[in-house]
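[1] no sequence on this one, just coordinates:
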DNA sequence: CCTCGCCGCGATACAACGTACACATCAGTG
DNA sequence: CACTGATGTGTACGTTGTATCGCGGCGAGG
């Protein structure tokens, strides 16, 4: 039991590394991995590819992360450091900023919304900080702890669900060499065309024909978010 | 170009198969795969494992599904057939039933919330039917098509986000041989304990100490859902 | 100063995965 | 009865995550 293998990743990172003179570090690993995922998507993240980009042997990173799951957690924590929710706003601007900034973060790093489930659960320091900020924004309003957490989690769930969809679409789009705009969807979804041709979904078809903001993801996101915040305000008596 | 390989999975399934006498069928493949995933989780879904359970050679299912992605779509469509949202309710009971029934479906099939992003996008017939039902519930209320779709998608995003979290937790729990109850979380999260010990998250710690419904996932889900529906009602003037 | 041990990295290897490919088999049609 | 096309079989390849062993250099103890 050389370095307390039972200690969590974060616990290990906190105590200063005794040998600061090394070509590999969690920092460098994280930035390199994030760069790969940003440029080529989550499926490009491979232990071998990571090692190649780091200029080391395939097994070298394993000295710093225990496996691919650890690597993904490290990446998540690394990018969440950029998510600085301003303090001292009211509960509603606070939660709204949390949601909007999280969306922007996920747009900058599309892979965030495509992580495997265990990585989405990961309790990384920077994620904990975000949660703490959100909870303090809801503190002192006469809400019990359970309700506070539920309100935060409702917003969080909405954001993750919406972005899961939005970034899956944008990943599909960029996967093919598609231009952008309306013709895009016709190329993206011959399947949709076939479904429509069956005539089984008249209301859906009516939407496809008359909707004008089908591609305005920001508008859709904001509308749903404002609905949710309205409901939180009224139902929780804020 | 024997059977029009460019046709979508659903298009191929619709035209009656010319040789109805076969040991393998999309139906049998779907039910078998769903059984595996229900019992052992999504990571147990393997083309080889599927073939074994079907009693055929590893490559045999490829005659009916073009690959693993197709298989996952088939599984999704298969279980969504059980999601019959009652018709003729108002828009709010309709959307609420959609959310609650979807949650129950995802609790019965935990892997539904853990699908890779492209499978979450899949436009399967039974999913289209659900969407059509939701849209008709919102039809005739004076809403424009964009707003109708946004309302539906907001609920859908909330449900998916919430269940992504909930089923990831329950998967983690069942992965280890944990009992259930409060001690469960202490076993599940020594990481959490370590974070708390740092003293950086006082509000979060206060929640952990004073909350009484930390494990009442249904209550949390319903609270967030009702907030969202409240907000949709008020903001959209319904 | 020398030496010993440990830590960071290299090299090799293995099992499991998705799936391409060629062949065998069987049904229904001419 | 021969033919054709769809269905299942056998084999094989490339890629993945990761276990394991070997090496070399740096810091601590003599």
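    Received the coordinates, thanks. These numbers come from a predicted model, not from an experiment.
[2] quick one, longest helix in chain A?
    The helix spanning the most residues in chain A, taking DSSP state H as the definition, is helix A:145-175.
[3] thought residue A:53 was touching residue A:34?
    No. Look at residue A:53 against residue A:34 with C-beta atoms under 8 Å: they stay out of range, at 11.1 Å. Every residue, glycine included, has its C-beta placed from N, CA and C.
[4] more neighbours, these two?
    residue A:34 (19 against 13; other C-beta atoms under 10 Å in any protein chain shown).
[5] I'd like to know how many residues surround the spatially closest residue to the more buried one that is not a sequence neighbour.
    Nearest non-adjacent residue to residue A:34, counting by C-beta to C-beta, 6 or more residues apart in numbering or on different chains: residue A:75, 5.3 Å away. When neighbours are defined as other C-beta under 10 Å, residue A:75 has 29 of them.
[6] residue ranges of the helices in chain A, please?
    Counting by DSSP H, the helices of chain A are A:9-14, A:26-40, A:47-54, A:68-80, A:91-108, A:117-120, A:125-138, A:145-175, A:183-188, A:190-197, A:202-210, A:217-235.
[7] show me which residues of chain A are close to DNA strand D?
    Counting by C-beta under 7 Å from any atom of the strand, the residues of chain A close to DNA strand D are A:19, A:21, A:45-49, A:58-59, A:62, A:67-69.
[8] for the residue nearest to residue A:34, give me its contacts.
    Going by C-beta atoms under 8 Å, 6 or more residues apart in numbering or on different chains, residue A:75 touches A:30, A:33, A:34, A:37, A:45.
[9] can you put those residues in JSON lines and add pLDDT?
    JSON lines is the format used below for the contacts of residue A:75 (pLDDT from 0 to 100):
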{"residue": "A:30", "pLDDT": "98"}
{"residue": "A:33", "pLDDT": "98"}
{"residue": "A:34", "pLDDT": "98"}
{"residue": "A:37", "pLDDT": "98"}
{"residue": "A:45", "pLDDT": "98"}
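[10] before we move on, the earlier item: compare the helices of chain A and say which comes out lowest on pLDDT.
    Within these, confidence is poorest for helix A:183-188, with a mean of 60 (mean pLDDT).
[11] near chain B at all, stretch A:200-219?
    Yes. Using C-beta under 8 Å from any C-beta of the partner chain, stretch A:200-219 reaches chain B at A:200-204, A:206-207, A:210-214, A:216, A:219.
[12] follow-up on the earlier one: give me the buried entries from the residues of chain A next to DNA strand D.
    For the residues of chain A next to DNA strand D, a burial check counting by 16 or more other C-beta atoms under 10 Å in any protein chain shown picks out A:45, A:47, A:68.
[13] just to check, the second one is in contact with residue A:70?
    No. Proximity of residue A:47 to residue A:70 does not meet the contact threshold set by C-beta under 8 Å, at 11.0 Å.
[14] show me what contacts the most centrally placed residue in chain A?
    The centroid of chain A falls nearest to residue A:112 when counting by C-alpha atoms, centre = their mean (3.6 Å). Residues in contact with residue A:112 (C-beta under 8 Å, 6+ apart) are A:76, A:79, A:105, A:106, A:163, A:167.
[15] again, 7 Å this time
    Taking C-beta atoms under 7 Å, 6 or more residues apart in numbering or on different chains, we find residue A:112 in contact with A:79, A:105, A:106.
[16] equivalent analysis for residue A:34, please.
    Per C-beta under 7 Å, 6+ apart, neighbours of residue A:34: A:75, A:78, A:79.
[17] if you set the cut-off to 10 Å instead, what comes out?
    Contacts for residue A:34 (C-beta atoms under 10 Å, 6 or more residues apart in numbering or on different chains) come out as A:45, A:74, A:75, A:76, A:78, A:79, A:109, A:111, A:112.
[18] quick check: it vs residue A:50, distance?
    According to C-beta to C-beta, to the nearest Å, residue A:34 stands 11 Å off from residue A:50.
[19] ok, now residue A:203?
    From residue A:203 over to residue A:50 the distance is 47 Å, taken as C-beta to C-beta.
[20] verify the contact between residue A:138 and residue A:154 for me.
    No. Residue A:138 is beyond contact range of residue A:154, at 11.2 Å (criterion: C-beta atoms under 10 Å).
[21] list residues touching both of the two?
    Contact criterion C-beta under 10 Å, 6+ apart; residues shared by residue A:138 and residue A:154: A:95, A:232.
[22] who has more neighbours, those two?
    Neighbour count, other C-beta under 10 Å: between residue A:138 and residue A:154, residue A:154 has more, with 26 against 23.
[23] can I get the residues of stretch A:200-219 next to chain B in CSV including neighbour count?
    As requested, these are exported to CSV (neighbours: other C-beta atoms under 10 Å in any protein chain shown):
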residue, neighbour count
A:200, 13
A:201, 21
A:202, 13
A:203, 20
A:204, 21
A:206, 14
A:207, 21
A:210, 10
A:211, 17
A:212, 9
A:213, 16
A:214, 14
A:216, 14
A:219, 12
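[24] got these as JSON lines, with distance to residue B:91 columns?
    Shown next, in JSON lines, are the residues of stretch A:200-219 next to chain B (distance: C-beta to C-beta, whole Å):
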{"residue": "A:200", "distance to residue B:91": "21"}
{"residue": "A:201", "distance to residue B:91": "18"}
{"residue": "A:202", "distance to residue B:91": "17"}
{"residue": "A:203", "distance to residue B:91": "13"}
{"residue": "A:204", "distance to residue B:91": "16"}
{"residue": "A:206", "distance to residue B:91": "16"}
{"residue": "A:207", "distance to residue B:91": "15"}
{"residue": "A:210", "distance to residue B:91": "19"}
{"residue": "A:211", "distance to residue B:91": "18"}
{"residue": "A:212", "distance to residue B:91": "22"}
{"residue": "A:213", "distance to residue B:91": "20"}
{"residue": "A:214", "distance to residue B:91": "21"}
{"residue": "A:216", "distance to residue B:91": "23"}
{"residue": "A:219", "distance to residue B:91": "21"}
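[25] mind listing what the residue nearest to residue A:207 when sequence neighbours are not counted touches?
    Closest residue to residue A:207 apart from its sequence neighbours, by C-beta to C-beta, 6+ apart: residue B:145 at 4.4 Å. The contact partners of residue B:145, by C-beta under 10 Å, 6+ apart, come to A:203-204, A:206-214, B:135, B:138-139.
[26] how much space separates residue B:145 from DNA strand C?
    Taking C-beta to the nearest atom of the strand, to the nearest Å as the criterion, residue B:145 is separated from DNA strand C by 36 Å.
[27] same check, this time on residue A:128
    In this view, residue A:128 and DNA strand C are 26 Å apart by C-beta to the nearest atom of the strand.
[28] ok, now which ones touch that residue?
    By C-beta under 10 Å, 6+ apart, residue A:128 lies in contact with A:10, A:77, A:80, B:191, B:192, B:195, B:196, B:198, B:200, B:201, B:204.
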